[in-house]
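K.L.:
Provided below for reference: sequence and predicted model.
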Amino acid sequence: MKKVISILCFLLIIMGCQKDNAIEAEKVPEAPTILTALLLGDSAIVLNWVDNSNNEQFFEIEKKTVSTGFTFTKGVEANKTGDTLYNLLSVGDSVFFRIRAKSNGGYSTYSNVAVALLSMSEPTNLTAELVSDSAVVLSWIDKTQNERYFEIEKQMTGGNFVPIKTISANQTVDTIPSTLMIDEPVSFRVRAKSNGGYSAYSNIATVTYELQPPSNFFAKLLGDSAVVFSWSDNSTSERFFEIEHQSGTGVYSVLKRIATNKTVDTVLKQFLQNDEVSFRVRAGSKGGYSSYSNIGS
């Protein structure tokens, strides 16, 4: 008899526990608290929260933007206190999050609202330096930590800015091959790019290629068979010099092309068919010619 009573008591205890568990399962869960949103790179948001209930079946994450209302984004299994969301941000946009728990008894109230903002600072202090008649070195300061690459744009005189090159993330110097026309300004700007979009543009940097003309040009007879020329080289990027001659009042024509950095040359007088001959010299590059030197005769 005692044994039967013991079994009955045990069964009553189990039934009571099951009833308590059933009642607990039917209760509305406590709301999660201390929700935080942390940017991870340019494409991930890590959410964390405190789980205050012991009967949730799952959590529901909702999000909204400045222009939309909250909408369901993702369900998260019970007892978790964190999750990562991907590809929800555009540069300059804020995204708001909230979370609630769900049980058989219904939904908890919502947690606090957490916000994430993907900001991307534009490059600054862009400079452009001519290093030859066909290359420009650009440098800038990288002000962001989540760019995927930089995009360089160029503008010729009278035209629009057009993309010309992309540069890997964290790089702050690059050389742009470009045939530069003499006295024609060329402008550059740069911006950063992430999965969420583009930053604003940097300042504009402009270069103008100037080819200084030779000066102090001098022509001197060497005996009766040759003419010696000399001049001052005032440029650092010429590809050659061209000496021109004019017989009498005729038209100037090219007499000889001289290698870069030379400042002296000789021409046999037999090639000159008139005793009244004038000479001049100019520097040449890929972008054109300098103006002429003074006239020597």
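P.N.:
Cool, the structure landed.
K.L.:
where in the stretch 1-150 of the chain is pLDDT low?
P.N.:
1-25 (pLDDT under 70).
K.L.:
Sheet-wise, list the partners of the strand or helix carrying Phe96 with their directions.
P.N.:
In this structure, Phe96 is located in strand 94-103 according to DSSP states H and E. Strand 94-103 pairs in its sheet with strand 58-65 (antiparallel), strand 106-107 (antiparallel), strand 114-117 (antiparallel), by DSSP bridges.
K.L.:
Test of understanding: give the bridge partners of the residue positioned nearest the centre of the chain.
P.N.:
In the chain, the centroid-proximal residue (Cα atoms, centre = their mean) is Phe150; its distance is 2.0 Å. On the basis of DSSP bridges, Phe150 is bridged to Ile167, Ala192.
K.L.:
wait, it sits on Arg191?
P.N.:
Yes - with contact defined as Cβ atoms under 8 Å, Phe150 reaches Arg191; the gap is 7.0 Å. Bear in mind the C-beta positions are built from the backbone N, C-alpha and C, glycine included.
K.L.:
Find the residues that touch each one of the two.
P.N.:
Pro123 (Cβ atoms under 8 Å, 6 or more residues apart in numbering).
K.L.:
And for Thr157, the neighbour number?
P.N.:
11 (other Cβ atoms under 10 Å).
K.L.:
my bad, Val131
P.N.:
Counted with other Cβ under 10 Å, Val131 comes out at 12.
K.L.:
ok, back up a step: please list all residues in contact with the residue nearest to the centre of the chain.
P.N.:
With contacts defined as Cβ under 8 Å, 6+ apart, the neighbours of Phe150 are Pro123, Trp140, Asp142, Thr166, Ile167, Ser168, Ala169, Gln171, Val190, Arg191, Ala192, Lys193.
K.L.:
okay, stretch 58-71 in PDB with CA atoms only?
P.N.:
Taking C-alpha atoms only, stretch 58-71 is exported to PDB below (Å, rounded to 0.1, in the frame of the first residue of the first chain):
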ATOM      1  CA  PHE A  58      12.800  32.600 -31.300                       C
ATOM      2  CA  PHE A  59      13.700  36.200 -31.700                       C
ATOM      3  CA  GLU A  60      12.500  38.500 -34.500                       C
ATOM      4  CA  ILE A  61      14.800  41.300 -35.900                       C
ATOM      5  CA  GLU A  62      13.100  44.300 -37.600                       C
ATOM      6  CA  LYS A  63      14.800  47.100 -39.400                       C
ATOM      7  CA  LYS A  64      13.800  50.500 -40.900                       C
ATOM      8  CA  THR A  65      15.400  53.400 -42.700                       C
ATOM      9  CA  VAL A  66      14.700  57.100 -42.500                       C
ATOM     10  CA  SER A  67      12.100  56.800 -45.200                       C
ATOM     11  CA  THR A  68      10.500  53.500 -44.300                       C
ATOM     12  CA  GLY A  69       8.800  51.800 -41.400                       C
ATOM     13  CA  PHE A  70      10.000  48.800 -39.400                       C
ATOM     14  CA  THR A  71       9.700  45.500 -41.300                       C
END
